[in-house]
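Engineer: Got a predicted model here, sequence first, then my questions.
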Amino acid sequence: MRLNGEISYMNEEEKENDRNLPSFSISGGFPAQRTHVVGYALTSKKIKSFLQPKLEGLARKKGILFVAIDPNRPLSDQGPFDIVLHKDYWKTHPEVTVLDPPDAIEHVHNRQSMLQDVSDLNLSDCNGKVGVPKQLVIINDPSSIPDAVIKAGLTLPLVAKPLVVDGSAKSHELSLAYDQFSLSKLDPPLVLQEFVNHGGVLFKVYIVGEAIKVVRRFSLPDVNKCEVLNNSGVFRFPRVSCAAASADDADLDPRVAELPPRPLLERLAKELRRRLGLRLFNIDIIRELGTRDRFYVIDINYFPGYGKMPEYEHIFTDFLLSLVQSKYKKRAVNNT
């Protein structure tokens, strides 16, 4: 059964299998039918940006219903759900697909651990090289930062980022430190990364299951040696990668605008899905200025602003359907 339309992209065999699947009902007065129910426990900000009318409308046509999880009621009294977004639910309901495991999400909430999996990769056979900028973690005592930077051999200027990514606007704020003396003005805990000139453009790689979508975003401008010598202090920037800063239609130098090779992105996404245990995230990548195949991952974000991704409603609903259909097929195989 479906809501207001057929589920697309199904062959005749899949349609027959779908007709033979058991029905179930959900609370709230909905009729018993084979609707794919996705429960969500999201912040009000995420609901506004993600659950846009165009997504919910397309989802209904494909037989997907989004249902809010009430935090004031026991989860056992809600649902049943085929898929749950952002809730520790699978321990008592292992048959439900949870996106994604909380312990895996926690791994990318720390900028020290989130990039470790990238630094361990060897993708030299995929039309390019991927690494991470040289970085240093400072937990406390800002007065110790200048000596720690010298000891670590980091080269100025340095990008300072909050260590913890908690979804707040502050966790995405950046500072650029030009001289050793200003480093003690920073506010730990934080991560210091060597600044890599990259033409002022970053590539935001959205991952939705096995689907990959790449967009260009304006980033921090390049810094030359003269600027480093003549500037001092710490310059603070708001979040630089946002929908208003799209560079997809800008008149850019082709050497800067060229997207990373598709084979490289596919291999990187596959390895990170496996290592991180996540299916919903994005990777911020820059290309070192003056090179064509040298890339750096500077951030990984869980459940990013998919509403800013072109055609996100089609990509996301297809992803949800693939999860449900895969689960049903496995169940059918186990019952034979």
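Structural biologist: That came through, no problem.
Engineer: so where's the longest helix in this structure?
Structural biologist: Assignment by DSSP state H gives helix 312-335 as the longest helix of the chain.
Engineer: Would you indicate which residues of that one are buried?
Structural biologist: Neighbour counts over helix 312-335 (16 or more other C-beta atoms under 10 Å) mark 312-313, 315-321, 323-325, 327-328 as buried. C-beta coordinates here come from the backbone N, C-alpha and C atoms, glycine included.
Engineer: before we move on, what about stretch 44-51?
Structural biologist: For stretch 44-51, by 16+ other C-beta under 10 Å, it's 46, 49, 50, 51.
Engineer: Same question for stretch 49-58.
Structural biologist: By neighbour count with 16+ other C-beta under 10 Å, stretch 49-58 contains the buried residues 49, 50, 51, 55, 58.
Engineer: What's the local residue count around residue 203?
Structural biologist: By other C-beta atoms under 10 Å, 22 other residues sit near residue 203.
Engineer: Any idea what the residue nearest to it when sequence neighbours are not counted is bridged to?
Structural biologist: In space, and not counting its chain neighbours, residue 203 is closest to residue 285: 4.6 Å by C-beta to C-beta, 6 or more residues apart in numbering. Beta-bridge partners of residue 285, counted by DSSP bridges, are residue 203, residue 297.
Engineer: okay, now residue 285: neighbour count?
Structural biologist: The number of residues near residue 285, taken as other C-beta under 10 Å, comes to 23.
Engineer: and which of the buried residues of stretch 49-58 is nearest to residue 248?
Structural biologist: The shortest gap between residue 248 and any of the buried residues of stretch 49-58 belongs to residue 49, at 18.9 Å (C-beta to C-beta).
Engineer: my read is the closest one is in a helix, agree?
Structural biologist: Yes. The assignment for residue 49 by DSSP: H, G, I helix; E, B strand; the rest coil puts it in a helix.
Engineer: Quick check: it touching residue 305?
Structural biologist: Yes. Assessed by C-beta atoms under 8 Å, residue 49 is found in contact with residue 305 at 5.4 Å.
Engineer: quick one on the thing from earlier: I'd like to know how far the residue nearest to residue 203 sits from residue 57.
Structural biologist: Distance of residue 285 to residue 57, given as C-beta to C-beta, to the nearest Å: 32 Å.
Engineer: what's the answer for residue 120, then?
Structural biologist: Using C-beta to C-beta, residue 120 is found at 42 Å from residue 57.
Engineer: Next: residue 144.
Structural biologist: Using C-beta to C-beta, residue 144 is found at 54 Å from residue 57.
Engineer: how does the chain divide into domains?
Structural biologist: According to automatic domain parsing, the chain comprises the domains 12-99+313-335, 107-304.
Engineer: Which of the ones you listed has the lowest mean pLDDT?
Structural biologist: Ranked by mean pLDDT, the domains of the chain bottom out at domain 12-99+313-335, which scores a mean of 75.
Engineer: Any idea how far that one is from the middle of the chain?
Structural biologist: Relative to its chain's centre, domain 12-99+313-335 lies at 21 Å (C-alpha atoms, centre = their mean, to the nearest Å).
Engineer: Helices of the stretch 101-250 of the chain, residue ranges please.
Structural biologist: Assigned by DSSP state H, counting those that start in this stretch, the stretch 101-250 of the chain shows helices spanning 102-107, 111-114, 116-119, 145-152, 225-230.
Engineer: what's across from the residue nearest to the spatial centre of the chain in the sheet?
Structural biologist: Taking C-alpha atoms, centre = their mean, the centroid of the chain lies closest to residue 281, which sits 2.2 Å from it. Beta bridges link residue 281 to residue 207, residue 302 when assigned by DSSP bridges.
Engineer: Tell me how many other residues crowd the closest residue to residue 40 other than its chain neighbours.
Structural biologist: In this structure, residue 40 finds its nearest non-sequential neighbour in residue 85, 4.2 Å apart by C-beta to C-beta, 6+ apart. Around residue 85 there are 23 other residues, counting by other C-beta under 10 Å.
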